[in-house]
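1. Could you look at this predicted model? Sequence included:
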Amino acid sequence: MLHTRTNEDGRLSPPGSRRGLAEVFRHRYLLSLIVRKEVQIRYRGSVLGWLWSYVKPVVQFIVFYFAIGVLLGMNGRVEFFPIYLLAGITVVTFFNEAFSNGTRSLVDNAALIKKIYLPREMFPIASMLIAAVNTLPQILVVMVIALFFGWTPSALAVIAILLALVIVAVLASGLGLLFGSINVTFRDAQSFVEIILMIAVWASPVMYEWTAVANVVPEWMLTLYRLNPVTAAVELFHFGIWYPLGPTNATLAPDMWLYSGFALLISAVLLIIGQLVFRRLEGRFAQDL
């Protein structure tokens, strides 16, 4: 039996006839249920529960401070290096988790997709939101540590942090839709994504300053490097959290806000491409799953 839905104009239409991200947000309640369920599952059976989300970044900070900062001498080369490193890793962690889980989201929910109708885009978007929720404690820990070292947040710093998160959210959603839909038919996509994620932490100024790249590559290659949306997001996060600490040897990347605008535009284009590919391949999901 073919189940139908009622359009806003009162006419009946078959399920799935209206697709797109707009429909995901028309099902906000269902989206919130999926996010809440996945977040609760993550800490089910755990004694400390949500505290683990705060313990991990604190331990990371201590390890970075002694292992990389003291033993490898990075504390002397880059002032407040553990905060610099932890801020960058926070951005990359958000991107990696959202992108990776978004790629697997359709395959992981195959049973649900084959049984009932709901906007399939909901699963990659939910993966991004779940990653955002899981990243929030790490952001708070970075901010608290930065406050301890004298960080004074400004309106511009807050805007930079929020813009960085928006860029990563849009980028990860677009790539999650793109590779998630391809992964339904070609499971090699998941392995390809794992390679991208392995490279991501080194393809942005997380373990090093952007000047290290500028000193060894030609100008056109540096431009391509800075057009990477994750690079722009990391630079914004550093501007919002690390730079206000007043490192004397810090050099801000030129035209940071301009490249941030390009990053947001590129992320939006990838979101549109991801949606178009998703809609093109969606008809095969039930069959290939």
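-> Nice, thanks for sending it over. Keep in mind it's a predicted model, so treat the numbers as computed, not measured. Numbering: from 1, shown residues only.
2. mind exporting stretch 138-150 as PDB, just the C-alpha atoms?
-> Listed next in PDB are the C-alpha coordinates belonging to stretch 138-150 (Å, rounded to 0.1, in the frame of the first residue of the first chain):
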ATOM      1  CA  GLN A 138      36.300  20.600  24.800                       C
ATOM      2  CA  ILE A 139      35.600  24.200  23.700                       C
ATOM      3  CA  LEU A 140      34.700  25.100  27.300                       C
ATOM      4  CA  VAL A 141      37.800  23.400  28.600                       C
ATOM      5  CA  VAL A 142      40.000  25.300  26.100                       C
ATOM      6  CA  MET A 143      38.400  28.600  27.100                       C
ATOM      7  CA  VAL A 144      38.800  27.900  30.900                       C
ATOM      8  CA  ILE A 145      42.500  27.100  30.400                       C
ATOM      9  CA  ALA A 146      42.900  30.200  28.300                       C
ATOM     10  CA  LEU A 147      41.200  32.300  31.000                       C
ATOM     11  CA  PHE A 148      43.700  30.900  33.500                       C
ATOM     12  CA  PHE A 149      46.600  32.100  31.300                       C
ATOM     13  CA  GLY A 150      45.000  35.600  31.000                       C
END
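3. Off-centre distance for that stretch?
-> Its chain's C-alpha centre and that of stretch 138-150 lie 20 Å apart, by CA atoms, centre = their mean, to the nearest Å.
4. So what touches it?
-> With contacts defined as CB atoms under 8 Å, 6 or more residues apart in numbering, stretch 138-150 is touched by 53-54, 56-58, 61, 80, 82-83, 86-87, 90, 93, 151, 153, 161, 241-242, 244-246. (Each C-beta comes from the backbone N, C-alpha and C, glycine too.)
5. Next, the buried residues of that stretch.
-> With burial defined by 16 or more other CB atoms under 10 Å, the residues of stretch 138-150 counted as buried are 138-139, 141-143, 145-146.
6. so can I have JSON lines of those showing distance to residue 198?
-> Formatted as JSON lines, the buried residues of stretch 138-150 follow (distance: CB to CB, whole Å):
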{"residue": "138", "distance to residue 198": "20"}
{"residue": "139", "distance to residue 198": "23"}
{"residue": "141", "distance to residue 198": "25"}
{"residue": "142", "distance to residue 198": "23"}
{"residue": "143", "distance to residue 198": "28"}
{"residue": "145", "distance to residue 198": "27"}
{"residue": "146", "distance to residue 198": "28"}
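7. just to revisit the earlier point, please check the contacts of stretch 138-150 and keep the buried ones.
-> For those, a burial check counting by 16+ other CB under 10 Å picks out 53, 57, 61, 80, 82-83, 86-87, 90, 93, 151, 161, 241-242, 244-245.
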